[in-house]
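Visitor: no FASTA, just this:
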């Protein structure tokens, strides 16, 4: 039984309720998404992102080097290296990325993966809106690219990879529409963006994450500035969706719509 309070005792301060990681914005807060923020630091999120990136490059270089020793024909070497390097880099980096993100959230900080990364359920209407918004934004980017076409000598590893045939197209579809939107949103808008938001305002955190997001895709864009600008603006909008809704699923849907619209011309260009 607790001791009775003294009549002259000062009242205890009222503690503000702590909103759980899996919940929505705090009561009474309007506008953009507000704290709580996750417990991991910026360096931890950057470490996971670095493991993902380094493992992708290392696996692609290692498998590419092995393929070049097995089939050293100079006239087929570049497409051959890409044919072997792209799938190996994707498989290894996605495995490393998921394992590292899971370890950081669940093992190091003791949160459930869904709560820590705000993978809470949202309405289907919101997801459809985000998907259509991503598709619409990609259409705008493609319209700019029609007006400012790439140089004649421009080629990306994706175009070379598609020379491998139908299996390469199928793999690229799964990666672009399913795998990349999920993992990249976990790494950038699930781990890094909220860690930056603990210390910086939205615009600063969103721009920083967008720059890193764009740098990760520079092997696809080269120096072609409309594609670079499109990915950078896409990264900023993805951060806005994360901030505005308090969930990671709308950015995933926007990302998938953005990639799907870019993929459709490749699909339609295939011979029957």
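Guide: Perfect, thanks for sending it. Keep in mind that this is a model prediction, so the values were computed, not measured. Residues are numbered from 1 along each chain as shown.
Visitor: geometric centre of the chain: which residue is closest?
Guide: Relative to the mean C-alpha position of the chain, the nearest C-alpha, by C-alpha atoms, centre = their mean, is the one of residue 184, at 2.2 Å.
Visitor: that residue: what's it in contact with?
Guide: With contact set as C-beta atoms under 8 Å, 6 or more residues apart in numbering, residue 184 has these partners: 213, 216, 255. C-beta coordinates here come from the backbone N, C-alpha and C atoms, glycine included.
Visitor: any idea which of the residues you listed has the most stuff around it?
Guide: residue 255 (27 neighbours; other C-beta atoms under 10 Å).
Visitor: output the contacting helices and strands for the one helix or strand that one maps to.
Guide: Element membership of residue 255 [criterion: DSSP states H and E] is helix 249-268. Judged by 3 or more C-beta pairs under 8 Å, 6 or more residues apart in numbering; DSSP states H and E, helix 249-268 is in contact with helix 124-147, helix 166-174, helix 180-184, helix 225-245.
Visitor: turn these into CSV, columns for distance to residue 259.
Guide: Shown next, in CSV, are these (distance: least, C-beta to C-beta, whole Å):
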stretch, distance to residue 259
helix 124-147, 8
helix 166-174, 9
helix 180-184, 6
helix 225-245, 10
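Visitor: can you check which of the ones you listed gets nearest to residue 194?
Guide: With distances scored as C-beta to C-beta, the stretch of the helices and strands packed on helix 249-268 nearest to residue 194 is helix 225-245 (7.9 Å).
Visitor: any idea how many residues pack against residue 167?
Guide: Neighbour count for residue 167, taken as other C-beta under 10 Å: 9.
Visitor: so, low pLDDT: which residues of the protein?
Guide: Under the criterion pLDDT under 70, the flagged ranges of the chain are 1-36, 68, 70-82, 157, 269-272.
Visitor: ok, and the closest non-adjacent residue to residue 102?
Guide: Taking C-beta to C-beta, 6 or more residues apart in numbering as the measure, residue 102 lies nearest to residue 113, with 6.0 Å between them; neighbours along the chain are not counted.
Visitor: go ahead and confirm that neighbour touches residue 106.
Guide: Yes - under the criterion of C-beta atoms under 8 Å, residue 113 is in contact with residue 106, at a separation of 5.7 Å.
Visitor: follow-up on the earlier one: let me see the contact set for the residue nearest to residue 102.
Guide: For residue 113, the contacting residues are 102, 105, 106, 119, taking C-beta under 8 Å, 6+ apart as the criterion.
Visitor: by neighbours, which of these wins?
Guide: Note: the member of the contacts of residue 113 with the most neighbours is residue 105, at 26 neighbours, neighbours being other C-beta under 10 Å.
Visitor: ok, the residue nearest to that one when sequence neighbours are not counted to residue 267 distance?
Guide: Leaving aside its sequence neighbours, residue 105 sits nearest to residue 116 (C-beta to C-beta, 6+ apart; 3.9 Å). Here the criterion is C-beta to C-beta, to the nearest Å. By it, residue 116 lies 36 Å from residue 267.
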